[in-house]
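[1] Curious how this folds, go ahead:
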Amino acid sequence: MVSDDKHVHFIAIPGHENSLAKGFGEAHKRYTRQKNFTEGVRGYLFQGRFSSCVLDESHLIAAVHYVVVGGLCLQEFHCNHKEKGKGKW
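    Prediction:
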């Protein structure tokens, strides 16, 4: 998983056809409930945000590269800016 505080990328192999939808759906529901309660609001946070697709081997390799290299670049960006006293973007 890679996160920049705005979105995340997961590369996962589900145990069953609907495992990802159920898992992410439950996580989104719980997070939304907690965030809405904390902020005293109502409504959806992740409506229409989840997507997944089956990847063949070449696309899987490209996706892993994108997630890993993107995560490393992101970490380097944060580290370089913190060292310069600029904090997070």
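[2] Identify all contacting residues around the helix or strand that contains residue 21.
    Here residue 21 is covered by helix 19-39, with elements defined by DSSP states H and E. The contact list for helix 19-39, computed with C-beta atoms under 8 Å, 6 or more residues apart in numbering, reads 12, 14, 42, 43, 44, 45, 46, 49, 50, 52. C-betas here are computed from N, CA, C, even on glycine.
[3] and with 6 Å instead?
    14, 42, 45, 46, 50, 52 (C-beta atoms under 6 Å, 6 or more residues apart in numbering).
[4] Just the CA trace of that helix, in CSV.
    Output of helix 19-39 as CSV, limited to C-alpha atoms (Å, rounded to 0.1, in the frame of the first residue of the first chain):
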residue,chain,number,x,y,z
SER,A,19,-13.5,-10.1,-1.1
LEU,A,20,-12.2,-6.7,-2.1
ALA,A,21,-15.6,-5.0,-2.5
LYS,A,22,-16.7,-6.4,0.9
GLY,A,23,-13.4,-5.5,2.7
PHE,A,24,-13.1,-2.0,1.3
GLY,A,25,-16.8,-1.4,1.7
GLU,A,26,-16.7,-2.3,5.4
ALA,A,27,-13.5,-0.2,6.0
HIS,A,28,-15.1,2.8,4.2
LYS,A,29,-18.3,2.5,6.1
ARG,A,30,-16.5,2.4,9.5
TYR,A,31,-14.2,5.2,8.7
THR,A,32,-17.0,7.4,7.4
ARG,A,33,-19.1,6.7,10.4
GLN,A,34,-16.2,7.7,12.8
LYS,A,35,-15.3,10.8,10.8
ASN,A,36,-18.9,12.0,10.5
PHE,A,37,-19.5,11.4,14.2
THR,A,38,-16.3,13.3,15.1
GLU,A,39,-17.2,16.3,12.8
